[in-house]
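Trainee: A structural model of the following input is requested.
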Amino acid sequence: MEKFDIAKVDCEGCENGLLSLPDDYIRKIPKWVIECHSSETLRQLGEKFLRAGFRVSFKPYMWQTEYHIAGRERSFHTKAEIPQGFLLIMTAYLP
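Mentor: A predicted model of the protein is given here:
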């Protein structure tokens, strides 16, 4: 079986499909970079990856003829304040 070190997910809004994956499946890949199109999606995915044992962070971006970072990288936790109205890039890795 082929082994992967990183998964990059940029699927234009269908990232919710990751929510149905079993935790042992997502742990087979030690690092994930996921583009989230809503703060609610980021919250659900962040909580799932935390429960699976990952460390999770995110950065907000905005589009103005090209991508611009709209804030600093933040650690994700269950009570994290997630900005609204931005594209959010979530990074999760196994420690």
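Trainee: residues touching the closest residue to Pro95 other than its chain neighbours, list them.
Mentor: Leaving aside its chain neighbours, Pro95 sits nearest to Arg55 (5.6 Å; criterion: C-beta to C-beta, 6 or more residues apart in numbering). Every residue, glycine included, has its C-beta placed from N, CA and C. Contact partners of Arg55, counting by C-beta atoms under 8 Å, 6 or more residues apart in numbering, are Ser75, Ala92, Tyr93, Leu94, Pro95.
Trainee: distance from stretch 44-58 to the middle of the chain?
Mentor: Relative to its chain's centre, stretch 44-58 lies at 8 Å (C-alpha atoms, centre = their mean, to the nearest Å).
Trainee: no, scratch that, I was asking about stretch 21-35
Mentor: For stretch 21-35, the distance to the chain centre is 10 Å (C-alpha atoms, centre = their mean).
Trainee: quick one: average pLDDT of it?
Mentor: Averaged across stretch 21-35, pLDDT comes to 94.
Trainee: give the buried residues for it.
Mentor: Ile26, Pro30, Trp32, Ile34, Glu35 (16 or more other C-beta atoms under 10 Å).
Trainee: please apply the same query to stretch 88-95.
Mentor: Leu88, Ile89, Met90, Thr91, Ala92.
Trainee: then stretch 5-21?
Mentor: Glu15, Leu18.
Trainee: give me the contacts around that stretch.
Mentor: Contacts for stretch 5-21 (C-beta under 8 Å, 6+ apart): 26, 29-37, 41, 44-45, 48.
Trainee: Gly85: how many residues sit nearby?
Mentor: 9 (other C-beta atoms under 10 Å).
Trainee: helix or strand: which one has it?
Mentor: Assigned by DSSP states H and E, Gly85 belongs to no helix or strand.
Trainee: so for it, what's the pLDDT?
Mentor: Confidence score, pLDDT, at Gly85: 83.
Trainee: now swap in Gly53 and tell me
Mentor: Reported pLDDT for Gly53: 97.
Trainee: my read: it touches Asp24, true?
Mentor: No. Gly53 is beyond contact range of Asp24, at 10.4 Å (criterion: C-beta atoms under 8 Å).
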